[in-house]
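Trainee: Here you go, sequence then predicted model.
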Amino acid sequence: MGLKQPLPYLSVEKSARKRKMAYDIGCGLGSFTSELAEHFEPVVGVDYAPIMIRRAKDFLPYNNVTYLLEDFIEIDIPTASVDLFAIIATLHHLPFESSLQKMKNTLRPGGKILILDLYQEDTIWDYLTIVVASIMNRVHKTLRHESSTTHKKSRRLGGNMLYTIPI
């Protein structure tokens, strides 16, 4: 799949058994949904655009994937039922706090929320944060002796930033 090479930090940890429920919010064409389908049982891809859902259903169909043409906030998801929410380049289109609260309330213990989204710097503090984060990332990479190839590839994809939000 296309996401494995340029964004290896998104690859799902391999395991002998599949994990349970995963949601891909803003699934688009379903490329990351299909990645999740290799590791989770079942997977739900959600998008608000009818053409995206139609195309996603045609993209490498999996028996364990369901696509929903829905607004994420309106979906009824049982409490503590989801192992992973993946939300790539979509959170900025949704009501931020209510979306995160919904994900938090429906995660199983030990569940994860994976967010990769766009960010627009607005204040001097935003720019300062980016400078400090860039320095810390470089130090971390140097200490771990990692190649800069991954960073260069991810920057070419639009400068997206990966955030971890404590829940």
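Mentor: Noted; the coordinates are in hand. Numbering: from 1, shown residues only.

Trainee: measure stretch 50-66 end to end?
Mentor: End-to-end distance of stretch 50-66 (CA to CA, to the nearest Å): 14 Å.

Trainee: Can you tell me what sits against it?
Mentor: Outside stretch 50-66, the residues that touch it by CB atoms under 8 Å, 6 or more residues apart in numbering are 27-31, 33-34, 37, 40-45, 47, 67-69. For glycine as for every other residue, the C-beta is placed from the backbone atoms N, C-alpha and C.

Trainee: Let's see that with 10 Å instead.
Mentor: For stretch 50-66, contacts defined as CB atoms under 10 Å, 6 or more residues apart in numbering pick out 1, 18, 22, 24, 26-31, 33-34, 36-38, 40-47, 49, 67-70.

Trainee: Return the distance of the residue located most distally from the centre of the chain relative to Asn137.
Mentor: Distance to the chain centre peaks in the chain at Ile124, reaching 27.5 Å (criterion: CA atoms, centre = their mean). Here the distance between Ile124 and Asn137 works out to 20 Å (CB to CB, to the nearest Å).

Trainee: How about Tyr48?
Mentor: In terms of CB to CB, Tyr48 sits 33 Å off from Asn137.

Trainee: Pick out whichever of the two has more residues nearby.
Mentor: Remark: of Tyr48 and Asn137, Tyr48 carries more neighbours, 17 against 12, as counted by other CB atoms under 10 Å.

Trainee: Flag the shaky bits of this structure, pLDDT-wise.
Mentor: Where the chain drops to pLDDT under 70, the residues are 1-18, 145-167.

Trainee: Any quick ChimeraX command for the buried ones out of the contacts of stretch 50-66?
Mentor: Filtering those down to the buried ones (16 or more other CB atoms under 10 Å) takes a single ChimeraX command:
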select :22,24,26,27,28,29,30,31,33,34,36,37,40,41,42,43,44,45,46,47,67,68
